[in-house]
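Student: Okay, sequence plus prediction incoming.
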Amino acid sequence: MKKVTIAVLFLLSFLFVFASLDLAPTSDLNSPPSTHVSPRYIEMGYKETGALNMVTAVLADYRGYDTLGETTVIFTAGLACLLIIESRRKPKR
Amino acid sequence: MTTEFFLANRPLWAVLISLVAAIVILANDRRHNIREAATLLAAVGKFAIILSMMPAVLAGQIIETTPLTLAPGIALHLRADACGLVFALLSSFLWIATSVYNIGYMRALKYGHETGYYACFAVALSSAIGIALSANLLTLFIFYEILTLATYPLVFHARTKEAIDGGHKYLVYTLAAGQLLLVAIIWTMIVAPGAGFTAGGFLAGKAPVAVLQVLFVLFVLGFGVKAAVMPLHDWLPTAMVAPTPVSALLHAVAVVKAGAFGFVRVAGFVFGPALIKDIGMGPLLAWLASITIIVASLRALSEDGLKRRLAYSTVGQLSYVVLGTAIASPLAFLGAIFHIVAHAFMKITLFFCAGAIYATTHKENVSEMKGIGRQMPLTMAAFTIGSIAIVGTPFWVGFVSKWNLGFGALQAGQPVFIAILVLSALLTTGYFFPIVYTAYFGSSEKELSYHEAKPSLLYPLLITAAVSFILGISPNFGLNFYDLAIQAVNSVFAASSGLSGGGL
Amino acid sequence: MLTTATGYVNYWLISILMLVGFYGIIATENLLKKLMALNVISVAIIIFYLNLGQKAGSNVPVLFGEELGTVAAYANPLPHTLMLTAIVVGVATTGVGLALLYRIYNRYGTLEETDVLKEMRSDS
Amino acid sequence: MTANYPALIVIIPLAVAVITPVLGRISIVLAQLSAAAALLVAFISSLGALQHALAEGSWHYYFGGWAPPWGIEYVIDPLSGGLATLVSFIGLLVLIYAVPHLATKPARENTYFYTLYLLCVAGLLGMVVTGDVFNLYVFLEISSLAAYALIAFGGSRATVAGYRYLLIGTAAACLYLLGIGYLYALTGSLNMADLAELLPAVDAPTALVIATVLIVIGLGIKMALFPLHGWLPDAYSSAPAPVTGFIAAVMAKVSAYAIYRICFFVLKDTGTAIIALNMVGWMAAAGIIFGSIMAIAQNDLWRMLAYSSVAQMCYIALGVALGNTYGIYGALLHILNHAVTKGCLFLIAGSIAWKTGIRDITQFAKMCRKMPWTMAVFVVAALSMIGLPPTAGFFSKMYLVMGSVEAGAWGYVAVLVASSLLTAIYFFRVIEYAYLHQPAQGEAVKLEQENSVMARRWELPASMLMPIILLGIGVLTLGVLSEKIIADVIQFALPWGMP
Amino acid sequence: MRQRYGSLILDTTIRLLVPFYLIYGVYALVHGHYSPGGGFQAGVVLGASIIMVNMVQGDSVTWGVSKQTAVLVASIGTFIYAGIGIAAMIWGGNYLDYGVLPFRGIEPEVRALGTLGIETGVTLGVAGTFIVIFNLLIGREE
């Protein structure tokens, strides 16, 4: 079983290596992520949101809704733990 | 406005009235009288509605309604044409008789669970009328499946081991067939989008011959199970564990005739007689039907249980209809459609008699019925009438359809099937005559006193027996079955010119 | 050739890290270790995203003073933001996973998968 | 507020969820009422949004006022609007159902349950209406985390099932995240519409294939697509009844919807989606047969239904894989139909276990007497699962067969036909046990006594019976109105460029 | 009640460090606009400092926030975030459109204030949740 897993994963690693050649190399200034969408965050971030920290600008404003989701995820995790562990001590019916 | 609305949608009301009745029945679980009154009212109402459409249809009008769309381009399309009206009139008329009989029978035998029984009966009738009046394949299929579902509880009604097994078998056969039918119907819908039943068929030239052949086989398999074409007939004798009214109305009229009627629709209104000839599937089906007729008759000879013998008789007789559609000449078609009517009256009489005997004396095997003709003279008289008619004796209703079938075979240039008809008549005599003989002349060990069935059982069977005599002399009596059948055949064959005989 | 290698070697390392994580999930018996392997995967993916945000010669995406340099002078802030979310999701998942493990251990006294499953099947 | 319908669909359940612990402190009834009110608002908003989308085309809602691709947008088109309506409606029904079910648990646990339940619903709603692939991931995680905990709430077995689901589910989410990572690396965008525009120009076949496969496998695990369904039977059969009812009804469907969305709306012009879909098609066909056979082998009603879900989810996958108009009609209609039907069946299974403690089918004798209404609805829902007219299931199956016939995929036709018959076997088995079998001798007497007591009582509390009956009516109504749904909604949900 | 882990050295260290942790947490929150930092980081620092107090001093220390309180804090914190979004809706903008909030100032400043508001919510939410999870995982009874 383990050997099969290793073999499959080994093959997969070749696939990933092969696929990576389709991507822009690391640190490429002209890669799609550096040229689409993100320039606006860098250029307009301060003007539009008043945050010098562009990460904050994106996090809290441009993509603020994701962050709401993120906070909710954490909150969900807290309540999930509560429900899981608290219900251990349930009174017998 | 409202009257017009009511009149225009009569096919829909005809279907819905017994569904409503089913709901009323379910709501009155413990009030027997309301429950049974609802059944009777719905039966009479349904018959009245369908009867009211007859003059218009005879005059050449077609009453149709499309209350709902089922799929893009395909509506829940109900249409009262001559062909459908034959079946609708027949089943709704016989439902009245059966309802009366039902009440007597169920009260005599105390099965229990009667609310569900009556409700299922009503739903089954709804779907039978739906099948009769549907104007396209999908509508027909939906009612066809509802019919399967509604009759399944009726088969296992007694809840004995045997009944449950019978129900199983019934369900397996009909559901599997239903799926094949569904594939056939969907394929047809893809080949000819949005087409409804067209007199003379609509598939010609729509697809390669090979595809049409496969389609035809699928249709045969799909409808063949309910029409009990051998080798797909096995469920029918097993399903005889159901209470007799079920066997009488559903397993002799509504359910099995739905299959036979499906053949008529497919042969006459989907493929068309000409196309069936062209793709060469007619003879195949005709021989299948012939084999069924002979083998089923032989099987009937060896059965001792009266209902099982009747069941095999039904299997054989249904194939007359299939044979007629397969021969696909005008007269054969006429014979096929009229045999739906003829067989219904004859066989329901016979089943009613079997049920009456069982409810009164608890005898269900032929060998036990020695001397029962003296004990229940009226019932046995009706039984005798039914037997004589079903054999095909001239001046009885069975003769009319067989005569037409025979001439149809000649018309199509296949006289060999006349031999089949004659052989079948002989065999039929072979298995009905002993019953009658035993009943009148067999001597029983015990002394039998006069003990006729009670009125609610007796009157329905006398009426149907009388009708099967009257229809033999005057096939148009009362409900104009013969004219309607002729009109249906004319419409089918007028559309496909060049076939021998043309119209009638 | 060398430039290719330097440009892509990150992706390869990340792939290997991720596959190691998958190996961990599949091959280890211990439920806690599986959870840790899951974290390895999630870290690999986080690095993958951050790798996408890199630009040669860029600085952190924070304006110091109000002078804006060229776009090329700042790293892409979007992957950072996304990965902040992913990190939090990872933490949350780990928390819930640990809570579940806590209960499993309390109930069955073991964290070996086969044992737990055996106990569970016999448990009503 | 009308202008904010798309946001309200998700926001109101979310906001109410996060404040529920506080409300629950004050009074548990307050928490229940507010939760129900929140889902009602979500339902009304979805309906409003759907109506707007049908009347005036798809509705794009920009969060924070930032236009995509910079900000996050919600897209209400007939498809997402319709699905949001479905999710919120079933969410509301199950919430009502859950109230008596949880009455014996302490108030605090009740509060946490409702909070997580709302979060789960909100997460699914968010997945449905979002137009941003990363936002979809975030909401996927919200709903998943909530679901893990809710499943584990069912007891010790459920904890193990929940943990296994957590492992598989998180791995799935990671795969999905990596998949969209590739898409991001290739285009620099995360917005679905923007991706759809940019991707055809991208020349990176291997990376695109990897991205597609990762996304499809990731979401495939979540929708329990065979052979990635391993988590499902344990999870469904050990979770508390309302939870199973809800997640079985909508959770997997939302993932199926996401696959459809991404394959047909994002990757449609790249050509890789076709490869992935072919793969999905055969997996689905195998899954239909496997799920049905496994369902026949089960004696536990819950597990039977769970395996049935495996098979039925594959119906949806099959329709999507067919990729022609009828196939997609069938798949989308089946999402709707199966949600209502399976939700109904699991709620019924839950009620039976709640009232009588019986889960084993072989002990169902005389169940029709104990719970006549419930069992009547069960029969209707079972018919729909088998695919018999006039119930909803028939029509979706009909479209699937139509799609297969049109595509000439006779193998699929055979599978669909065989599956109907197999489904009939295991559902009629239950029906026969419930209606026809006689209980053992000793039990019969006890049953009579129980019956005499119960004759005067309503079979289930109204708030449990009402959702079941509503869903049962829904099964019939959806069947009768299926064409209307197609003509009014689903027709507009097809990807662009299709007839 | 568990034994506290503390000793003299730990006690003293905590006494000295916790105020700085708290201040640093608040700094990370409010300074998130200008430098690396923000709600999550702040929340984690705040949560961690309280967890630390809890660990060292045991439950007897009155400001070791209890599980129930922490849940409420997390709940309220997350609600602040969602609520600010809803407030934006009420003032006529889209959800989370801080620009329409009725603060004085030009739009970027208003937006920055809105951002600060939600970051506060995030901080409370994260801090509360971490305390809850920690308390649960160490199996401390009420």
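Tutor: Everything's here; your move.

Student: so what's the residue of the stretch 51-200 of chain B found nearest chain C up against?
Tutor: Nearest to chain C, among the residues of the stretch 51-200 of chain B, is B:I164, at 31.6 Å (C-beta to the nearest C-beta). No exception for glycine: its C-beta is placed from N, CA and C like everyone else's. Neighbour list for B:I164: B:F156, D:E432, D:L436 [criterion: C-beta atoms under 8 Å, 6 or more residues apart in numbering or on different chains].

Student: Likewise for C:W12?
Tutor: C:W12 makes contacts with A:F16, A:V17, A:S20, as judged by C-beta under 8 Å, 6+ apart.

Student: Would you mind listing which of those residues are buried?
Tutor: Among those, those buried by neighbour count (16 or more other C-beta atoms under 10 Å in any protein chain shown) are A:F16, A:S20.

Student: Out of the contacts of C:W12, which sit inside helices?
Tutor: A:F16, A:V17, A:S20 (DSSP state H).

Student: Going by distance to B:V467, which of the contacts of C:W12 wins?
Tutor: A:F16 (82.0 Å; C-beta to C-beta).

Student: need the longest helix for chain C.
Tutor: The longest helix of chain C (DSSP H) is helix C:77-108.

Student: Whether that helix contacts chain A - can you check?
Tutor: Yes. Shown here: helix C:77-108 in contact with chain A (C-beta under 8 Å from any C-beta of the partner chain) through C:77-82, C:84-85, C:88-89, C:91-93, C:95-96, C:98-100, C:102-103, C:106.

Student: quick check, B:T65 in a strand?
Tutor: Yes. Using DSSP: H, G, I helix; E, B strand; the rest coil, the assignment for B:T65 is a strand.

Student: Neighbours of C:G69, how many?
Tutor: For C:G69, the neighbour count with other C-beta atoms under 10 Å in any protein chain shown is 12.

Student: Nearest to chain E: which residue in chain C?
Tutor: C:G95 (4.6 Å).

Student: What's the PyMOL syntax to select whichever of the residues of helix C:77-108 next to chain A are buried?
Tutor: Buried subset of the residues of helix C:77-108 next to chain A, written as a PyMOL selection, criterion 16+ other C-beta under 10 Å:
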select buried, chain C and resi 77+78+79+80+81+82+84+85+88+89+91+92+93+95+96+98+99+100+102+103
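
Student: Can you give me the neighbour number for C:S122?
Tutor: 7.

Student: same thing with D:A285?
Tutor: If we define neighbours as other C-beta under 10 Å, then D:A285 has 23 of them.

Student: now it: how far from chain B?
Tutor: 16 Å (C-beta to the nearest C-beta, to the nearest Å).

Student: Settle this for me: that residue is touching D:G411, isn't it.
Tutor: Yes. With contact defined as C-beta atoms under 8 Å, D:A285 counts as touching D:G411 (6.6 Å).

Student: quick revisit: tell me which element the residue of the stretch 51-200 of chain B closest to chain C falls in.
Tutor: Per DSSP states H and E: B:I164 is located in helix B:161-191.

Student: Downstream of that helix, the next helix or strand is which one?
Tutor: The helix or strand immediately downstream of helix B:161-191 is helix B:209-226, counting by DSSP H and E.

Student: For the nearest residue to D:Y163 once chain neighbours are set aside, which residues are in contact?
Tutor: Closest residue to D:Y163 apart from its sequence neighbours, by C-beta to C-beta, 6 or more residues apart in numbering or on different chains: C:L100 at 4.3 Å. By C-beta under 8 Å, 6+ apart, the residues touching C:L100 are A:I84, D:Y148, D:A152, D:T159, D:G162, D:Y163, D:L166.

Student: How about the third one, nearest residue that isn't a chain neighbour?
Tutor: The shortest distance from D:A152 to any residue that is not its chain neighbour, by C-beta to C-beta, 6+ apart, is 3.5 Å, and that residue is D:G162.

Student: do B:A97 as well
Tutor: Taking C-beta to C-beta, 6+ apart, and ignoring the residues beside it in sequence, B:A97 has B:P460 as its nearest neighbour in space, at 4.1 Å.

Student: Phi, psi for B:A453 please.
Tutor: Phi and psi for B:A453, reported as degrees, to the nearest 10, are phi -60, psi 160.

Student: The residue nearest to it when sequence neighbours are not counted and B:V366, how far apart?
Tutor: Distance criterion C-beta to C-beta, 6+ apart; nearest residue to B:A453, sequence neighbours excluded, is B:A356 at 3.9 Å. Per C-beta to C-beta, to the nearest Å, B:A356 is found 15 Å from B:V366.

Student: contacts with chain D among the contacts of C:W12, please.
Tutor: Among those, chain D is touched by A:F16, A:S20 when using C-beta under 8 Å from any C-beta.

Student: Out of the contacts of C:W12, the closest to D:E141 would be?
Tutor: Minimum distance to D:E141 across those is 23.7 Å, recorded for A:F16 (C-beta to C-beta).

Student: so that closest one makes contact with C:Y11?
Tutor: Yes. A:F16 is within contact range of C:Y11, at 7.4 Å (criterion: C-beta under 8 Å).

Student: In what element of secondary structure is the most centrally placed residue in chain B found?
Tutor: Computing the C-alpha centroid of chain B and ranking residues by C-alpha atoms, centre = their mean puts B:K257 first, at 2.5 Å. Remark: B:K257 resides in helix B:255-265, with elements defined by DSSP H and E.

Student: So which elements touch that helix?
Tutor: helix B:82-109, helix B:114-133, helix B:137-155, helix B:209-226, helix B:306-327, helix B:330-361 (3 or more C-beta pairs under 8 Å, 6 or more residues apart in numbering or on different chains; DSSP states H and E).

Student: mind running it again at 6 Å?
Tutor: helix B:209-226, helix B:306-327 (3 or more C-beta pairs under 6 Å, 6 or more residues apart in numbering or on different chains; DSSP states H and E).

Student: Can you mark which positions in the very next helix or strand once past that helix are buried?
Tutor: Sequence order places helix B:273-279 as the next helix or strand after helix B:255-265, per DSSP H and E. Applying a neighbour-count criterion of 16+ other C-beta under 10 Å, one finds B:P273, B:A274, B:L275, B:I276, B:K277, B:I279 buried in helix B:273-279.

Student: roughly how far apart are the fifth one and A:V55?
Tutor: B:K277 sits 80 Å away from A:V55, taking C-beta to C-beta as the criterion.

Student: Those residues of chain E touching chain D, which are they?
Tutor: When proximity is defined by C-beta under 6 Å from any C-beta of the partner chain, chain E lies next to chain D at E:V71, E:L72, E:S75, E:T78, E:F79, E:A82, E:M89, E:N94, E:Y95, E:L96, E:D97.

Student: now do 8 Å
Tutor: Counting by C-beta under 8 Å from any C-beta, chain E sits next to chain D at E:71-72, E:74-76, E:78-79, E:82-83, E:85-86, E:89, E:93-99.
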